[in-house]
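Participant: return atomic coordinates for the entry below.
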Amino acid sequence: MSKYLGLFVAEATDHLAGLSAELVALEKAGAEGGATASVVDGIFRHFHSVKGMSASMGFEAISGLAHRAEDLVGALRRSQAKVEPDTADVLLATVDALQAMVTASASGTPQLPDPALLARLEGVAERARGASAAPVGPAPPVKSLSVEAPPEAPPAPPVALPDALRASQEESPSPAIIQVSVRSDALPAGRREVAIDVEIAGTCPVPAVRAFLVLKKLGSYGTVLRSEPTASDLKAGRIPQKRLAAVLESAAPLQTLERVLRQISDIGAVSLRESEREAPAPISQPQPTSPSEVPAAEAQRSIRVKTELLDYFLDTVGELILATARLREVGKMIPNPFRPMLDEGVDRLNAIVKDLHDKVMAVRMTPLAQLTERLPRAARDLARRTGKQIELDIQGSEIEIDRAILEELGDPLMHLLRNAVDHGIEPPHLRLLAGKPATGRITLVARRERDRVLLEIADDGKGMEPEKLRAKAVAVGAVTAEQAAVLSDREVLQLACLPGVSTAEVVTDLSGRGVGMDAVKRTLENVGGTLEIDSGRGIGTRFLLSLPLTVAVQPVLLVLVGEEILGLPIAKVHGAAQVELARLDRSQGTPLLAYGGSHIPVRELGPLLGFRGLAPGPVRSVVITEGDGGRVGLAVDALLGQQDAVLKPLSPPLDQVPGLSAVTVLGSGRPVFILDVARLLVA
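Facilitator: Prediction:
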C-alpha cells in the first residue's frame, strides 16, 4: 500500500482541514441556538472517511482514534444536545492529534495517540451517550482495531480507499445502487462462489486504483478466482467503462459482503449473486449516442498534479515567450520583402504561446478558501487563550490567486490575525465600558481589482496610536527625530513594520505589533505585493494587502544607469520626476525632493549598486519608490518605459547580491536585473 501513501496523506489532510472549519461552525451554531444537524453530519462523514482510509492503509492507531471521535459525534447527533466548548475542545484536539499522526505516517514513524486525549474523548462520549435515547457500545481499543473480519463474523468494519476519497456514503444520500439476489436453490452451507459486478462512480478520478483496492478487500473474505479486468490490468490503469466483474469463493454471508461494499466510497453500482462456476459475463455498456447523453459527472473531472510539474510548465512557457520576443527582434534585421511572412508567423506563434500561458496560469490559480478555511479555527483558539470574545467574518474566499503567492500568505495572514486578537480587540469588560459590544469583530474581505487581489483585514478594537509609534521609532533608532517629525500619521503607521518598533505594553507569545510585522511586509514585497495600514484610536485597525495575480509575469519599469538597464517593480513605484539635483534642498548632504506633501530623500542608484566612473548630467530622472523607512527617490539617467517581464529567480551566487531580486530577458536577448529597493538601501 506504500504507493498510495501520498494520496492517503493528501486526502486525510483535506478531511482534517474540513473538520477544523466545521467544528468551529458547529460550536458557533450551538451557541447561537441554530440548527446543527447538517454540520454534525458533515463532521461525522469526515471522521468516518479518515477512519476508513487509515484502516485500508493499515494505520490502526489513526483508525482507532478516528473511530472514537466518530462515536462521540454519533452520540451528539442522536442526542441533539448543545455542543459545549469542552466538547469542541476535545474534538479539535483530536483533529490536531490525527494530523500529527498522519504526518508521522508519511515519514514512516507512526505514532500512538496520547492516552490523556483518549480518556478525555471517552469521558465526553459517555456524557453524550447518557443524553442519547439510543446508546451505543464502547469503542474498540485503539491498538487492537482490525481492518479485516473473519469470514464467520457478520459485522465488517467500514472501509474507504485512499484515493480521491470524499464523504462516506454510509451517512449521506448515496448514489450507489446495491442489488443482492440469492437463488432459491442455494448451495449447501460452506464455501461457494459469488459473482460480483462493481461499477466505479464517474466522479472517481482514478477508477483503476479504486477497483484494485476493491479486489484486495474482497480477498480478505475469501479467494478471488477471476476478475475482468485482471489485477495486472488494474495496476496498469486499465478498466474499460469503469466496471469490474469478479468471482469470489467465500463462506461469508452475502449480507456481510453487501455491508463491506456499501462502506466503500466512489462506487456507482454493485450487484452480488451466487454463481454456478461460470466465467464472469463480458462487460458491456451502451455508448452515448450524442454528447448530450454523457452524464454530467463525466464532464467534471479533476486530478492531482504535482506542483513541481506546474512550475516546470510555467518556466517552459516563460522560455517560449522570451524566444518569441527574440524572434521578433531578429526579424527586424531581415529585408522588407521577406519580413511580412516572418512577422505573420511570429504573431501566430505569439498568440499560441500567450494562450498556452493563460491556460497554465489558470491551472495554477487556487481559491483563497484553501488558506482562509484555517483562520476560524485559529481565531477560536486564540480567543479561548486570551479570554476574549471574537467573531470572524470572511468574505471573498472564492477569489483565486497564483498558488505560489498563496503558499507565501499563510504566515502573514496568521500573524495579522493574532495581532488583531491579542493587541487589537479589547477584553469584554473594557469593550463594554467603551460602549462597544462585548464580542469583537474581525473581518477579512478579498476582492479583485483588475490584475490585483486586495485583502483587507480589519478589527474594531482599540486601534494604534501614531504618536506612540513615532516616539518608539525614535527611541530605538529606527528613524531620526527630524525624519519622524515630517512624517504624516499614515506614514508613521508604516513604522510598525520596522524591527523593534512596537507600542504593545506587553509582548506575548501570540503576537506583538512590530514583532514580526517586518517579516510580514518583507514576504509581501517578495511576491510583488504591498502593505498599507490605517488605524484610528478607539475605532480599530485596517491592514490592506495588495497582491499580484501571479509572480511569474510582472510589470516593471526599465531605467538606464550608465550603460546598464535595470528593472523596478511597478508595484513599488509611486511616481517619477525630472529634476536638477543641484537645485534641491539638502539635509545632512542628502538632496530632498518635494513630493506628495512631504520631502523625500534622493539617492543616486549608480553608486548604490557600486557602479564606478559614471558622469551623470545635471538633469536627472528620479523614480519615487518604496523602502523600509518610507518613500525614497532613486536618481537614474533615463526612464525607458514599462514592460511585462517574465521573472526568473536568481541562482547562486547572484541570489546573495544585496538589492537583486530576479532577472528577466529582453527581446534583444539582453538580461536585466530586477531590483529589491528595500534590501538595496540597507546593504
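
Participant: alpha carbons only for contacts and neighbour counts from here, please
Facilitator: Noted.

Participant: ok, then the element right after the lowest-mean-pLDDT helix or strand in the chain?
Facilitator: Lowest on mean pLDDT, DSSP states H and E among the helices and strands of the chain sits strand 177-181, with a mean of 34. Per DSSP states H and E, the first helix or strand lying C-terminal to strand 177-181 is strand 192-200.

Participant: now for that next one, which elements pack on it?
Facilitator: With contacts defined as 3 or more C-alpha pairs under 8 Å, 6 or more residues apart in numbering; DSSP states H and E, strand 192-200 has these neighbours: helix 207-219, strand 243-250, strand 267-274.

Participant: state the pLDDT value of K462.
Facilitator: Listed pLDDT for K462 reads 90.

Participant: got the domain ranges for this protein?
Facilitator: 2-130, 149-280, 307-366, 387-548, 553-682 (automatic domain parsing).

Participant: that older thread, what's the most buried one of the helices and strands packed on strand 192-200?
Facilitator: Most buried of those, by mean neighbour count (mean count of other C-alpha atoms under 10 Å): strand 243-250, with a mean of 23.

Participant: just the CA trace of that one, in PDB.
Facilitator: Extracted in PDB, the C-alpha atoms of strand 243-250 (Å, rounded to 0.1, in the frame of the first residue of the first chain):
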ATOM      1  CA  ARG A 243     -16.600  -1.600 -14.400                       C
ATOM      2  CA  LEU A 244     -15.200  -4.600 -12.600                       C
ATOM      3  CA  ALA A 245     -16.600  -8.200 -12.600                       C
ATOM      4  CA  ALA A 246     -15.200 -10.800 -10.200                       C
ATOM      5  CA  VAL A 247     -15.900 -14.200  -8.800                       C
ATOM      6  CA  LEU A 248     -15.200 -14.800  -5.100                       C
ATOM      7  CA  GLU A 249     -15.000 -18.100  -3.400                       C
ATOM      8  CA  SER A 250     -16.100 -17.400   0.200                       C
END
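
Participant: quick check: angle from it to strand 267-274?
Facilitator: 40 degrees (axes from the mean of the first three to the mean of the last three C-alpha atoms, to 10 degrees).

Participant: gap between the helix or strand that strand 243-250 is followed by and the chain center?
Facilitator: On the C-terminal side of strand 243-250, the nearest following helix or strand under DSSP H and E is helix 254-263. Relative to its chain's centre, helix 254-263 lies at 37 Å (C-alpha atoms, centre = their mean, to the nearest Å).

Participant: ok and helix 254-263 relative to strand 192-200, angle-wise?
Facilitator: 20 degrees.

Participant: helices and strands around helix 254-263, which ones?
Facilitator: Secondary-structure packing of helix 254-263 (3+ C-alpha pairs under 8 Å, 6+ apart): strand 177-181, strand 267-274.

Participant: same question for stretch 322-334, mean pLDDT?
Facilitator: The model assigns stretch 322-334 a mean pLDDT of 84.

Participant: tell me how many other residues surround the residue lying closest to P428 once chain neighbours are set aside.
Facilitator: In this structure, P428 finds its nearest non-sequential neighbour in A438, 4.5 Å apart by C-alpha to C-alpha, 6 or more residues apart in numbering. The tally of other residues near A438 (other C-alpha atoms under 10 Å) stands at 19.
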